[in-house]
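Q: Sequence and predicted structure below; questions after.
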Amino acid sequence: MKSTKEIKEIIKSILEGSELFLVDVSISADNSLEVYIDSLTGVNVGKCREVCKKLDAQLDRETEDFAITVASAGIGYPFKVAQQYEKNLNKEVEAKLLTGEKIQGILKSYSDEGIVLECEEKVAVEGKKKKSLVKIDKSIQFKDIKEVKDIVIF
C-alpha cells in the first residue's frame with residue numbers, strides 16, 4: 001500500500017477544481033483505507049462514491065488487496081483542517097482542552113494560532129444578588145486544544 005502522504009497527494013489531485021477538500025486519511029494494518037472529505041456546502045453519497053471510484057482507479061489491486069471507504073467528515077467529526085473552521089464560522093462548536101475542560105460557544109474566528117469562541121458565563125453584576133449570564137469572547141490557543149467539534153442543536 002502506498003504511504004499516507006502519497007494517498008493524500010492522489011486525493012488532493014482528484015479533488016482539485018471541485019468544492020471538495022480532504023480532511024483526513026488513515027490506513028489500517030489490514031490495508032483498509034479511510035478517506036474523509038468535506039465541502040463548505042456538505043457532501044452527499046454520490047460525491048463520496050465518485051471520489052472512491054477515482055481513487056480506486058489510481059491504486060493497483062494487482063499488487064495489493066485493500067478496502068476503500070470514502071465518507072463525509074460530518075457532524076461530530078473533529079476539525080482537522082482550516083476549511084472545517086471556515087465552514088463552521090458563527091455556528092455552535094465545542095472545544096475540548098488538553099486539561100479535559102470543555103468549552104462550548106459560537107465560533108467567531110480562527111487563525112493559525114487559535115480560535116475565538118463567543119461563550120456565555122455567569123458573572124456577578126453589581127447591585128444584583130444572582131449572577132447574570134453575559135456573553136464573552138474567549139481566545140483559545142491551538143496548543144491548548146485537544147479537539148474541536150461542531151454541535152448540532154435541534
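A: Yep, it's here. Numbers count the residues shown, from 1 in each chain.

Q: Show me what counts as buried in the longest helix anywhere in the chain.
A: Using DSSP state H, we find that the single longest helix of the chain is helix 45-58. If you call a residue buried by 16 or more other CB atoms under 10 Å, then helix 45-58 has these buried ones: 47, 48, 51, 52, 55. Every residue, glycine included, has its C-beta placed from N, CA and C.

Q: ok, so what distance separates the first one from residue 72?
A: Applying CB to CB, to the nearest Å, the value for residue 47 to residue 72 is 8 Å.

Q: Report the set of residues contacting both of the two.
A: residue 37 (CB atoms under 8 Å, 6 or more residues apart in numbering).

Q: check which helix or strand covers residue 85.
A: Using DSSP states H and E, residue 85 falls within helix 82-87.

Q: residues making contact with that helix?
A: Helix 82-87 is contacted by residues 21, 23, 38, 39, 40, 73, 79, 107, 110, 115, 148 when judged by CB under 8 Å, 6+ apart.

Q: Turn these into TSV, including distance to residue 140, neighbour count and pLDDT.
A: What follows is those, written out as TSV (distance: CB to CB, whole Å; neighbours: other CB atoms under 10 Å; pLDDT from 0 to 100):
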residue	distance to residue 140	neighbour count	pLDDT
21	23	20	96
23	21	21	96
38	22	25	95
39	26	16	94
40	23	12	91
73	21	22	91
79	13	23	96
107	10	22	98
110	10	20	97
115	5	23	98
148	9	22	97
